[in-house]
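Student: Build me a model from this:
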Amino acid sequence: MHLLYCDESNLEEREDDFFVYGGFVVNAEAAQALSEAVEHIRVEAGVDPEFVLKFNPSPPNLSHQQFNQLKQRIIEAAIEHGGLFFSSLILHNIASSPDEARRNAINTICYHFDCYLHRPDSHGLVLVDRFDDKQIDAHLREKFSIGITGLPYTKRMRLSRVIGFHYSAIGQSHFGSVIDIVLGSFRFAVNAFTRADEDRISSARTLLRMLAPLFYSERSDGYISELSLFFSPKVIKSNKFRNQYEELKAFFESNGIFPEQQITNMRMY
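Tutor: A predicted model of the protein is given here:
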């Protein structure tokens with residue numbers, strides 16, 4: 001059994017920003033050990049038990065440097081316990097709306113999770129961070145009862161490996177903190193590059209190299225599967241937007257993250 005904890009970042013519609021949706025996957029057999037590791041990190045850092053630990057803000061008792069070290073330790077714990085990071089990125093310029101981008105990204109991450117579960121011959125639960133969207137309840141019911149709809153090669157596909165879709169909220173488990181910190185770190189790096197923020201670019205490079213082991217690869221050369229790092233949509237006809245995707249991909253590659261997916265204006269499937 002595997003658990004997928006999902007969250008979003010960069011939901012605010014901003015030109016030339018990427019909406020980023022992500023999921024943290026943990027094998028149920030490793031879940032208790034990872035939860036205990038995060039608890040130990042919190043206690044050792046003196047974080048109040050009631051403090052909701054996220055990428056930001058910092059616990060009041062920690063300096064900026066101490067908080068960065070705490071987040072690094074949590075990312076390292078996720079890696080040590082076999083965690084995986086699945087992500088999907090789309091330019092706000094392309095997305096029809098932030099809510100639609102989120103619903104489509106949930107489709108993508110759930111589908112990729114289902115595909116991944118065939119590899120270890122496992123099943124899984126999806127836990128989506130709670131948010132306000134009048135369509136989300138029906139959307140999650142559809143994911144369970146019908147599956148994914150509107151695929152280019154079939155009208156619908158049942159997610160046979162996913163046995164449930166549920167809401168979660170940060171503070172209800174340590175895994176909510178893990179995905180928020182992992183996704184927040186990834187979003188920080190993406191934004192530093194796309195916004196040409198020279199004051200943060202060095203930190204962005206450090207974070208990407210730290211996150212690299214969390215991405216899933218099926219290749220001996222280490223290229224990252226589309227299941228784990230996905231650029232949406234698969235066909236980008238605008239030269240301007242395609243160049244922005246290609247530049248971001250090159251930035252990832254310069255920092256130890258090598259996406260398998262090709263950025264293209266042609267249908268490859």
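Student: low-confidence ranges in the stretch 51-200 of the chain?
Tutor: Applying pLDDT under 70 to the stretch 51-200 of the chain flags residues 133-134, 150-154.
Student: ranges for the helices of it?
Tutor: With DSSP state H, counting those that start in this stretch as the definition, the stretch 51-200 of the chain shows helices at residue ranges 64-80, 98-117, 136-145, 174-194.
Student: For those helices, could you give me TSV that also reports mean neighbour count and distance to Ala33?
Tutor: In short, each C-beta sits where N, CA and C put it, glycine included. Conversion of the helices of the stretch 51-200 of the chain to TSV gives the following (neighbours: other C-beta atoms under 10 Å; distance: least, C-beta to C-beta, whole Å):
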stretch	mean neighbour count	distance to Ala33
helix 64-80	17	9
helix 98-117	21	21
helix 136-145	15	29
helix 174-194	23	11
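Student: Reformat the ones you listed as CSV; add distance to Leu91.
Tutor: Compiled in CSV, the helices of the stretch 51-200 of the chain are given as follows (distance: least, C-beta to C-beta, whole Å):
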stretch, distance to Leu91
helix 64-80, 26
helix 98-117, 9
helix 136-145, 22
helix 174-194, 9
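Student: closest one to Asn243 among those?
Tutor: Closest to Asn243 of these is helix 174-194 (C-beta to C-beta; 12.0 Å).
Student: Contacts made by the next helix or strand after that closest one with the rest, please.
Tutor: On the C-terminal side of helix 174-194, the nearest following helix or strand under DSSP states H and E is helix 201-211. When contacts are defined by C-beta atoms under 8 Å, 6 or more residues apart in numbering, helix 201-211 is touched by residues 72, 75-76, 85, 182, 185-186, 188-190, 192-193, 252, 254-257.
Student: again, only this time at 10 Å
Tutor: 68, 71-72, 75-76, 78-79, 85, 87, 182-193, 195, 197, 200, 251-257 (C-beta atoms under 10 Å, 6 or more residues apart in numbering).
Student: Kindly report the same for stretch 91-98.
Tutor: By C-beta under 10 Å, 6+ apart, the residues outside stretch 91-98 that reach it are 8, 10-19, 101-105, 133, 194, 231-233, 236, 238, 240-241, 244-245, 248.
Student: now, which of those residues lie within strands?
Tutor: When DSSP state E is applied, those are split such that 8, 18-19, 231 fall in strands.
Student: want to try TSV for these, with pLDDT as columns?
Tutor: Compiled in TSV, the ones in strands among the contacts of stretch 91-98 are given as follows (pLDDT from 0 to 100):
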residue	pLDDT
Glu8	89
Phe18	96
Phe19	96
Phe231	97
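Student: To Gly46, which of the helices of the stretch 51-200 of the chain lies closest?
Tutor: Smallest distance to Gly46 across the helices of the stretch 51-200 of the chain (C-beta to C-beta): 9.3 Å, for helix 64-80.
Student: Please name every helix or strand in contact with the closest one.
Tutor: Contact analysis of helix 64-80 by 3 or more C-beta pairs under 10 Å, 6 or more residues apart in numbering; DSSP states H and E lists strand 18-27, helix 28-45, strand 84-91, helix 174-194, helix 201-211 as its packing neighbours.
Student: what angle sits between it and helix 174-194?
Tutor: Orientation of helix 64-80 against helix 174-194 (axes from the mean of the first three to the mean of the last three C-alpha atoms, to 10 degrees) gives an angle of 110 degrees.
Student: List the contacts of the residue of the chain positioned farthest from its centre.
Tutor: Relative to the centre of the chain, and counting by C-alpha atoms, centre = their mean, the farthest-placed residue is Asn61 at 28.3 Å. Asn61 makes contacts with 45-48, 51, 67, as judged by C-beta under 10 Å, 6+ apart.
Student: Nice, that's everything, thank you.
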